[in-house]
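K.L.:
Here is the input, now give the coordinates:
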Amino acid sequence: MPRTALIVAYNGQSFHGWQYQSENLPTVQRELSRALSIVADRDIVVHCAGRTDTGVHATKQVVHFDCAVDRPNKAWVMGVNAHLGDHVSVEWAGQVADDFDARRTALARHYLYLVHSNPIRSALMPEYLTRERRVLDAGVMDEAAQSFVGEADFSSFRAANCQSNTPMRNVLSVGVKRYSDIVAIDIKANAFLHHMVRNIAGTLLDIGSGQKPVTWIGELMSKKDRKLAGMTASPNGLYLVDVDYPAGTGIPKRPRLPHFLQFTDLSDVRSGDQSKG
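P.N.:
Residues are numbered from 1 along each chain as shown. Purely as a prediction, here's the structure:
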């Protein structure tokens, strides 16, 4: 049975996360499967690279599904989008190998966390940015963030209900930069624990505001106690912007930025440069 992969973008504020819920709640998986099933004229179930929580956005979620009927890639994009609401869209479709798995084949996930660092709230994009009234020092945050790089036990940054069998994760790169009023936390790892990025962001906000020292990250990593770290930051500013796969899988490379950042100088993220930044 042919296997198809999609790149999907969505506004997480409109959904109760990615995954089907026991209640009849709107989720990205439910909405996308419904639209695909209409185009395929049969039931379709999609599987994603990384399950996102309520309120978390995606500009490059990768999914796969199997379908016995033949449809051109244009149908999986334009046809499916015709049956989707305004807050989710298919941006690319392509055929992949039968053993391709959006989650298991992935080598790394790349998230961007955006903070509106200004004492005055934004009237235009409160659902797309996390608001931080405190004055933030992005350079100090970046210095502290380097303590996350490498394979380590991230128990201090996992949710209490995290279902992962191990707290070990390998952070490949992390950087913090300021772009006018936006402070961007750019992090890439082989995989993430439940709430790991938001817990890291909350901790870095405390450091950037001067509430905690740069050395705090090292202390938290050694303590392995979630209760000692910073708050779980809001989901509003969190975006899944890329998923890495082995060469030859056919999935387009390069992170995808939120549209409202296309005119800013986020060149390090846009080019996929994984150097410190």
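
K.L.:
Show me what the nearest residue to Asn190 once chain neighbours are set aside is bridged to.
P.N.:
Nearest residue to Asn190 in three dimensions, chain neighbours excluded: Asn170, at 4.5 Å (CB to CB, 6 or more residues apart in numbering). Placement of C-beta: from N, CA and C, glycine included. Beta-bridge partners of Asn170, counted by DSSP bridges, are Glu151.

K.L.:
Please name the residues that touch Asn170.
P.N.:
150-152, 189-190 (CB atoms under 8 Å, 6 or more residues apart in numbering).

K.L.:
And for Ser89?
P.N.:
Ser89 makes contact with 8-10, 81 under the criterion CB under 8 Å, 6+ apart.

K.L.:
Please report how far Gly150 lies from Glu132.
P.N.:
Going from Gly150 to Glu132 by CB to CB, to the nearest Å gives 27 Å.

K.L.:
who has more neighbours, these two?
P.N.:
The residue with more neighbours, out of Gly150 and Glu132, is Glu132; 21 against 10, by other CB atoms under 10 Å.

K.L.:
Centroid-nearest residue for this structure?
P.N.:
By CA atoms, centre = their mean, the mean C-alpha position of the chain lies nearest to Leu240, the distance being 2.2 Å.

K.L.:
For Ile185, give the beta-bridge partners.
P.N.:
Tyr113, Val176.

K.L.:
before we move on, the earlier item: with the contacts of Ser89 in mind, which one is nearest to Thr54?
P.N.:
Distances from Thr54 to these, taken as CB to CB, are shortest for Tyr10 (11.9 Å).

K.L.:
Do a quick rundown of the helices in the stretch 151-277 of the chain.
P.N.:
196-208, 216-223, 267-270 (DSSP state H, counting those that start in this stretch).

K.L.:
Run through the neighbouring helices and strands of the first one.
P.N.:
With contacts taken as 3 or more CB pairs under 8 Å, 6 or more residues apart in numbering; DSSP states H and E, helix 196-208 sits against strand 108-117, helix 138-145, strand 168-179, strand 182-189, helix 216-223, strand 238-244.

K.L.:
Hey, what's the angle from it to strand 168-179? Just curious.
P.N.:
With axes from the mean of the first three to the mean of the last three CA atoms, to 10 degrees as the basis, helix 196-208 and strand 168-179 are set at 50 degrees to each other.

K.L.:
how near is the residue nearest to Ser122 when sequence neighbours are not counted to Arg178?
P.N.:
In space, and not counting its chain neighbours, Ser122 is closest to His116: 5.2 Å by CB to CB, 6+ apart. Counting by CB to CB, the gap from His116 to Arg178 is 11 Å.

K.L.:
which of these two has more neighbours?
P.N.:
For His116 versus Arg178, neighbours defined as other CB under 10 Å are more numerous around His116 (20 against 17).

K.L.:
OK, contacts around that one?
P.N.:
Neighbouring residues of His116 by CB under 8 Å, 6+ apart: 122, 125, 129-132, 181-182, 237.

K.L.:
Can you tell me which of those residues has the lowest confidence score?
P.N.:
pLDDT across those is lowest for Met125, at 82.

K.L.:
Not counting its neighbours along the chain, what's nearest that residue?
P.N.:
Nearest residue to Met125, sequence neighbours excluded (CB to CB, 6+ apart): Phe260, at 6.8 Å.

K.L.:
State the pLDDT value of that neighbour.
P.N.:
In this model, Phe260 carries a pLDDT of 75.

K.L.:
and the gap between it and Arg121?
P.N.:
Between Phe260 and Arg121 the distance is 16 Å, computed by CB to CB.
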